[in-house]
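Undergrad: The following block contains a protein sequence and its predicted model.
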Amino acid sequence: MIRVERITADGANAAQRVRALVPAADSVAAEVEPILAQVRESGDAALRELADRFGEDVPERLRVDPEAVQAAPGLLEPEVREAMRVAARNVESVARAELEILARGAVSELPEGQTVEVRGEPVAAAGIYVPGGRAAYPSSALMCCVPARVAGVGRIAVASPPRAGGRPNAAVLAACAIAGVDEVYAIGGAQAVAALAFGTESIAAVDVVAGPGNRYVTEAKRQVSGRVGIDGIAGPSELVVVADGSANPDWVALDLCAQGEHGDDSLLAVVSPDGALLDRIEELVGELVTERPSVAAAPLALVETTGLEAALAVADAIAPEHVELAFEGADTTTARARVAGAVFVSSGGATAFGDYAAGSNHVLPTGGAARFGGPLGPGAFMRRTSIVSVPAAAARGLAPQVAALARAEGLPVHGESAEARANG
């Protein structure tokens, strides 16, 4: 049963009260650290020992046969296979549009005559973690692998927990094939992140590790950050709906329950000036969850505000993973001003479309990280380089400034280095 709490937004503390409904997760840093160390020291042997310790089927070969990956789409029901292809096509279209901006590069011509070009280039290798605990997540394989391929990454390696028989879920393998990836390893948990980051006898290390996972996977990504790049630190899923009396309460209730399928630590909230709407949503959610066992006991905050502007302010202060704008007059202009990982507008704006097939990415910032982060895209798999050209005339013009600043910092040889070019 979803846990409901009514909140009156009587000040700036409404967002903090909403977030407080989800207790802070216990730290698993001390448990993850020895797992990473064991994989770093013992490689494949550690992966097999850890799989056995955690009750997984230990595969004969860590890498799944590429032919089995390529054949996997043929094992799916036709409608599932077609849905994956539609989702992959849409995610790729959005990623290519983003890539055009990233890859174009920016060249600045400065007054002294030097030029500075900032270019984006793909990393050489990316590791993708695809969860496989309570459920299989082929959609996450698409969301991560497609942007990496669009970015131009030469090697994409996927790690996903083995099921019975020592292979990842067949739908995950099919999604990898549809995304154009055939390097897949049957490894789960923090040890999979370690294998991708450090490398083993069977797995070459990567440059970036991306993808969602449980708190052990997330902590492992945090600990290897710096050794490799990561896409971000993702936490439990979140949905905030900003609504007025024109909203369809049946749809809103379904959207909340859908997000509640992610677990009992998912944050759900409806923020509205309409108390009657909140009453009806509470009633409908109570009815829905009794017949839908996949919905976990997630916390639901029903926040009553003095008006829509106050409701939007509360949503922005929460800075959630997903926001749905379900009020009269909501449009993309209103959406652009929001602080959230993804904002859904119009009558069909259910978060479920973004989770699967709309083309937006469902790997999003959580825990308030939308204040500074954004959706996973090709940029997560690209490195930026500054190309600096300093002709002789520019060196003569800049050297006095470089020398003055360098000596002020107590680094006089920097100044000498610049002056040597100016005098040469």
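TA: Cool, the structure landed.

Undergrad: Mind listing residues that contact the host helix or strand of Leu405?
TA: Assigned by DSSP states H and E, Leu405 belongs to helix 392-408. By C-beta atoms under 8 Å, 6 or more residues apart in numbering, the residues outside helix 392-408 that reach it are 110-114, 390, 412-416, 418-419, 421-422, 424. Just so you know, the C-beta spots here come from the backbone N, C-alpha and C atoms, and that holds for glycine as well.

Undergrad: Identify, from those, the entry nearest to Phe54.
TA: Closest approach between the contacts of helix 392-408 and Phe54, by C-beta to C-beta: His414, at 52.6 Å.

Undergrad: Can you report how many residues lie near that closest one?
TA: 15 (other C-beta atoms under 10 Å).

Undergrad: Run through who's touching the helix or strand harbouring it.
TA: Element membership for His414 (DSSP H and E) is helix 412-423. By C-beta under 8 Å, 6+ apart, the residues outside helix 412-423 that reach it are Val390, Ala392, Ala395, Arg396, Leu398, Ala399, Pro400, Val402, Ala403, Ala404, Ala406, Arg407.

Undergrad: Can you give me the domain assignment for the protein?
TA: 3-24+236-358, 29-104+120-226, 390-423 (automatic domain parsing).

Undergrad: Which residue ranges of this protein form strands?
TA: 3-8, 106-109, 115-122, 125-129, 155-160, 183-186, 208-210, 229-230, 238-243, 267-272, 299-304, 322-326, 342-344, 382-389 (DSSP state E).

Undergrad: Touching the last one from outside, list them.
TA: Right, the one you point to is strand 382-389. Residues outside strand 382-389 that contact it (C-beta under 8 Å, 6+ apart): 102-103, 114-123, 151, 207.

Undergrad: CA atoms of that strand as CSV?
TA: Extracted as CSV, the C-alpha positions of strand 382-389 are listed here (Å, rounded to 0.1, in the frame of the first residue of the first chain):
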residue,chain,number,x,y,z
MET,A,382,32.6,12.3,-25.1
ARG,A,383,35.7,14.0,-23.9
ARG,A,384,36.3,17.7,-24.6
THR,A,385,39.6,19.0,-25.8
SER,A,386,40.9,22.6,-26.1
ILE,A,387,43.1,23.2,-29.2
VAL,A,388,45.0,26.4,-28.7
SER,A,389,46.9,28.1,-31.5
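
Undergrad: Tell me the buried residues in stretch 303-318?
TA: Within stretch 303-318, the residues scored as buried using 16 or more other C-beta atoms under 10 Å are 303-305, 308, 310-318.

Undergrad: any idea how far the residue positioned nearest the centre of the chain lies from Ala171?
TA: Nearest residue to the geometric centre of the chain (C-alpha atoms, centre = their mean): Val363, 2.9 Å. Applying C-beta to C-beta, to the nearest Å, the value for Val363 to Ala171 is 18 Å.

Undergrad: ok, and the most crowded of the contacts of strand 382-389?
TA: Ala151 (26 neighbours).

Undergrad: so who does that one touch?
TA: Residues in contact with Ala151, defined by C-beta under 8 Å, 6+ apart, are Ala95, Leu99, Pro122, Val123, Pro378, Gly379, Ala380, Phe381, Met382.
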